[in-house]
Each structure stands twice: as C-alpha cells, then as structure tokens.
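Colleague: Please find the sequence and the predicted model below.
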Amino acid sequence: MSKIILYDCSPEVTHMVNNLFGEKVAIQNSSFDDQRPLQEFSMVIVETGSKKPEQLLQEIKALRYACNFRNIPIIVMKKKSDTYPKHPYIMAGATEILSLQAPPLACRQILQGYLIPNRQPLDQEMEYLTPFINSTKHVLKTMASINAEYKELYFPSDFRIFGDVSGIIGLSGKTEGTAVITFYWDLARKVISQMMRVTEDQINAEFIHDGVGELINMISGFSKKSFIGKPYHFELSIPTVVLGSGHQIGHPEEASIALVIFDVGESSFALQVCLKPKTKKGNN
Amino acid sequence: MKVIVVDDSLVMRKIIVNVVESLGYEGVHATNGQNLLEILEQCGDEVRLVLLDWNMPGINGIEALETMQRNSRFRAIPVFMVSTESEDVKVEEALAAGAKGYLSKPFTPEELATKIKDILG
C-alpha cells in the first residue's frame, strides 16, 4: 500500500486527502522533520497555510534532500487566495502546486498520477545501464575504498537534479548522450578525501569540483570497454562540473534518461545515463 | 630526479604525485600536453619519467607523446600512459606512438607504484 506523509497540514487538507484516496493509501500526519528519511513514502504533501513562504521554501528544499534522489513527489497545497507565485516552490524542489479549491476529481487525477509506480527498465536499456552501474561501483571501490550499493533506477520526467554538485561528460560516436554523477556536498567531500587519502578537512571546493569531474570521466571510460562492437560504443569528451541544487542537465532529444541511485551508508548519490544510438537514417 | 605528472585533473595529479613522491622522486605537475612540453624545455635533462593522461584540453596526451618522439632531446625519456581510455586499440595506439607502458584508470596507488618501479627499476 502506498504511504503519503502530510507535514504540518491543516485538518482541511488532511480531510481532503483522506476523501480523495480513502482506504487505498496509508496517510500519516507529522510535524516538519528534515532528518527523517523519506524513502518509504510515495508522496509528501505540505501546505502553505500559516507559514511564511520563505520558511516553507526552506522546508521544501530540506525535504527534497531527505528524498535522497528518490522519485518522490512533493505536493504543495495552497488556498486560492494565496497569491504567492508557484515558481519558487518548484525551484525549491516541489513537484506540483495544487489549489485547495480545485475540483476534487481533478485533484484526485493529478495526485493518483504521481502514485503510478515507476516503469521497469527494458532489457535493451539494461544492456547499456548495467556496465555503467558496475563501473560506478568499481571506480568508487578502487579509487576511494568506498562500497557503493546500487539501490534502484527510474526514468525521471523532470530534468532537474537536486544534488549539490554534478560531474557531466558528453558521449559521442556511434551513440550520443551524457553521463552525469550527482552528489550531496558531504558525500562528495568524503569520496574525494578517500581518493586523495587525506582527511575531510583538507578537502576544499576546488578539489570537490575537480574530483567529481574526474569520477564521471573514469566511470564512463571504464564502461566504454563493455560497448566494443555494440551500437552503444562512444568516445569521451572532457568532463564539466555544475554546482547548486536544482540544476538542470541538457540531454539529447527523444532519448530516455535513466537515473540510478546508489547508497553509501546513510547517504546516496545519483548517476544519470542517457544514450541514444545513432540510426543509419539519422545524423550519422 | 623529477617525474612529470600530466593530467588536467588536479585531484588526479595529486593522487599520482603522492605515489611518485612516496617512491623518492620529485613530482612535477603539468596540466596538459602544452604545459608538459614547456616544462621539458626548461628541465628535460632532469626528468626520469613522464606519466601522461590521454584526454586533455589543448594538446592531448598522444599529441604530446608524438611531439616528444620527434624531438631528439626528449625521445629517450620514458613515457607511461595513465588514462581512462582502456580499450586494447587505444593501448596499442599509445604503445605504437612510443609509450613504454599503460595503466587504465581507475587504479590503486599500489598498482601505480608497482608500474613505476617496473619501468624505473
């Protein structure tokens, strides 16, 4: 059964959500807690209510971090009279802004849409994702003595990624695409410090910036060997790095983007892979 | 004696230089092929080994290696490739261009140390 958590929601919102879903989902009320892992929940609902927008924006950011890259929708319920714009909530990590006065049928359809389970990857998608997954584990283990545990993958519809630092590498040749590794700052510092065999307090932003780029370079390079003679074979470009939560990564058009989540202890990091083999008719 | 570590990644250079210095050599940083050639012009006679990445902006590793091979002053300096490129065809290309050995990333410091000791005796 899907579980939905409502943070600091009024009786009105709780009643509305209960009415929309009935016994089909388990609904839990809680006061805001940014330390609570959210992996067990299928949806998070917050309400603009009595909180100042700035406070709610900070809470949404914290909740998005607590999702640990999982595909968990964060829904903001607001009164129709609330004229604060939607955009800042979306930028902070919210998935949808719903009006409390919206027709219940429309609300139900929208929310139920977010509860549809992620699709499973096709065999042909796993053909190119498996080498990247294995390569990621191998690179982290070899370079930093870190055991990265593959947890899940999904195909996000939202290109924004809510981590702190992403290493990006363009892939070209028989196929075109991108590979992106995204970390929260603390885990990035731990990984780079173990790569360099120094203590974490010796790691500055420049090392993290550079090291995350080198990681995606090694992961892609090691994966590449698996694609010799296959349509997914590619050449590597020079990696780049992007900082800041909610950054958006450009990918080739009409290609599926897989987001793979790895756990390292209590933290997680994400690997995005987008590969699109060129067709004979295409831009070869 | 100097070992030049050529890599556009600062973190990777530091990892490799740590290994080089643990073996008693002086590690010298070079950020790309152009930088390597400039350093060689200044102190090529003191250089025992070049550890060379492949994919770098500007003059890449293979281009730098080929330039060294064309220069009688630098031709005798052993070059060891340390690169993310790990396919056999790439290794063969590097060896054909004059590299004395090849180590694919990722690697452990122990693996790199063994390779350096093998080549420098």
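Modeller: Perfect, thanks for sending it.
Colleague: Show me what the helix or strand residue A:242 falls within packs onto, helices and strands only.
Modeller: Secondary structure from DSSP states H and E places residue A:242 in strand A:240-243. With contacts defined as 3 or more C-beta pairs under 8 Å, 6 or more residues apart in numbering or on different chains; DSSP states H and E, strand A:240-243 has these neighbours: strand A:165-173, helix A:205-224. For every residue, glycine as well, the C-beta is placed using N, CA and C.
Colleague: Which positions in chain B make contact with chain A?
Modeller: B:8-12, B:14-15, B:18, B:55-57, B:83-87, B:104-109 (C-beta under 8 Å from any C-beta of the partner chain).
Colleague: ok, for the closest residue to chain A within chain B, nearest residue in space, not its chain neighbours?
Modeller: Nearest residue of chain B to chain A: residue B:84, at 2.8 Å (C-beta to the nearest C-beta). Excluding the flanking residues, the one nearest residue B:84 by C-beta to C-beta, 6 or more residues apart in numbering or on different chains is residue A:221, at 2.8 Å.
Colleague: Isn't the one you found up against residue B:82?
Modeller: No: shown here, residue A:221 and residue B:82 do not form a contact pair, counting by C-beta atoms under 8 Å, at 11.6 Å.
Colleague: which residues do those two both contact?
Modeller: Common neighbours of residue A:221 and residue B:82, using C-beta atoms under 8 Å, 6 or more residues apart in numbering or on different chains, are residue B:105.
Colleague: The closest residue to chain B within the stretch 51-200 of chain A: what's it in contact with?
Modeller: The stretch 51-200 of chain A approaches chain B most closely through residue A:142 (4.0 Å), counting by C-beta to the nearest C-beta. By C-beta under 8 Å, 6+ apart, the residues touching residue A:142 are B:106-108.
Colleague: so how far is residue A:274 from it?
Modeller: Separation of residue A:142 from residue A:274 (C-beta to C-beta, to the nearest Å): 25 Å.
Colleague: With residue A:245 instead?
Modeller: From residue A:245 to residue A:274 the distance is 21 Å (C-beta to C-beta).
Colleague: Comparing these two, which shows the higher neighbour count?
Modeller: Taking other C-beta atoms under 10 Å in any protein chain shown, residue A:245 and residue A:274 do not tie; residue A:274 has more neighbours (23 against 19).
Colleague: Which secondary structure elements does the helix or strand containing that one sit against?
Modeller: Using DSSP H and E, residue A:274 maps to strand A:267-277. Here strand A:267-277 touches helix A:123-144, strand A:175-183, helix A:185-196, strand A:258-264, going by 3+ C-beta pairs under 8 Å, 6+ apart.
Colleague: most tightly surrounded among those?
Modeller: Sort the helices and strands packed on strand A:267-277 by mean neighbour count, taking mean count of other C-beta atoms under 10 Å in any protein chain shown, and strand A:175-183 sits at the top with a mean of 24.
Colleague: mind checking how far it is from the chain centre?
Modeller: Strand A:175-183 sits 13 Å away from the centroid of its parent chain (C-alpha atoms, centre = their mean, to the nearest Å).
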